[in-house]
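**Student:** Dropping a prediction and its sequence here:
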Amino acid sequence: MQGAGSTTQYTNIRWMIRRDMPSVLDIEQQSFEFPWSEEEFIRCLRQRNCIGMVAERDTQVAGFMIYELHKNRLHLLNFAVGGGMRRMGIGTAMIEKLASKLTVDRRNRIMLEVRETNLDAQIFFRQRGFRAISVLRSFYEDSPEDAYLMQYRHRASVEEMQSSSSSDRMAG
């Protein structure tokens with residue numbers, strides 16, 4: 001995954017809390033033709049396997065991501081950076097944070113859907129190592145639009161592969 005240079009060092013990524021919701025909803029409204037409502041955010045975040053995180057720049061919420069934990073993957077449900085904060089490394093920092101949660105032997109990939117018309121998102125995720133693996137026909141309830149199912153696979157480091165294979169030998 002490519003870093004964005006020194007711009008990411010000022011981005012703080014933390015768990016989303018209730019007082020972040022007005023900023024998150026504002027970014028959501030700016031970012032999407034069919035934005036999630038506050039009720040949709042709350043319903044999602046109340047699920048046991050759903051996690052919300054925000055990216056702060058100078059104590060201001062600059063972006064957010066909502067993802068689900070599954071047995072062998074993370075599923076990115078919603079992801080946005082505020083209009084005035086784009087192309088500053090904030091989205092990259094959030095993806096790097098999410099990718100850091102992957103391991104060889106457990107959750108080893110990130111999955112997400114991107115609207116066929118959202119070329120900016122397709123390019124953004126592709127530049128960060130995601131690949132389109134299938135087309136989901138008429139995926140969205142709010143439009144007849146298709147989605148691309150995109151996937152990022154964990155790139156195992158040499159140490160992880162060695163420690164994983166040595167622990168297999170010990171257990172076997």
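**Tutor:** Received it, and whenever you're ready, just let me know what you need.

**Student:** can you give me the strands in this protein?
**Tutor:** 11-15, 50-57, 60-69, 74-81, 109-115, 131-136, 147-153 (DSSP state E).

**Student:** Can you check which of the ones you listed gets nearest to Lys101?
**Tutor:** Closest to Lys101 of those, according to CB to CB: strand 74-81, at 6.5 Å. All C-beta atoms are positioned from the backbone trio N, CA, C, and that covers glycine.

**Student:** got the angle for that closest one vs strand 60-69?
**Tutor:** Orientation check (axes from the mean of the first three to the mean of the last three CA atoms, to 10 degrees): strand 74-81 against strand 60-69 gives 160 degrees.

**Student:** one step back: nearest to Gln122, out of the strands of the chain?
**Tutor:** strand 109-115 (5.4 Å).

**Student:** re earlier: could I get the strands of the chain as CSV with distance to Cys44, mean pLDDT and mean neighbour count?
**Tutor:** Formatted as CSV, those follow (distance: least, CB to CB, whole Å; pLDDT from 0 to 100; neighbours: other CB atoms under 10 Å):
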stretch, distance to Cys44, mean pLDDT, mean neighbour count
strand 11-15, 14, 93, 15
strand 50-57, 5, 96, 19
strand 60-69, 6, 97, 21
strand 74-81, 7, 97, 21
strand 109-115, 14, 96, 20
strand 131-136, 19, 95, 12
strand 147-153, 18, 95, 19
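
**Student:** so who does the residue positioned nearest the centre of the chain touch?
**Tutor:** Centroid-nearest residue in the chain: Leu76, 4.6 Å away (criterion: CA atoms, centre = their mean). Counting by CB atoms under 8 Å, 6 or more residues apart in numbering, Leu76 touches 65-67, 98, 110-112.

**Student:** how near is it to Ile110?
**Tutor:** 6 Å (CB to CB, to the nearest Å).

**Student:** Residues that sit against both of those two, list them.
**Tutor:** Residues within reach of Leu76 and of Ile110 at once, by CB under 8 Å, 6+ apart, are 67, 98.

**Student:** count of neighbours near Asp20?
**Tutor:** Neighbour count of Asp20, defined by other CB atoms under 10 Å: 18.

**Student:** residues near Ile123, how many?
**Tutor:** Neighbours around Ile123, by other CB under 10 Å: 11.

**Student:** for it, what are its contacts?
**Tutor:** By CB under 8 Å, 6+ apart, Ile123 lies in contact with nothing.

**Student:** one step back: for Ile42, find the nearest of the strands of the chain.
**Tutor:** Ile42 lies closest to strand 50-57 among those, at 10.1 Å (CB to CB).
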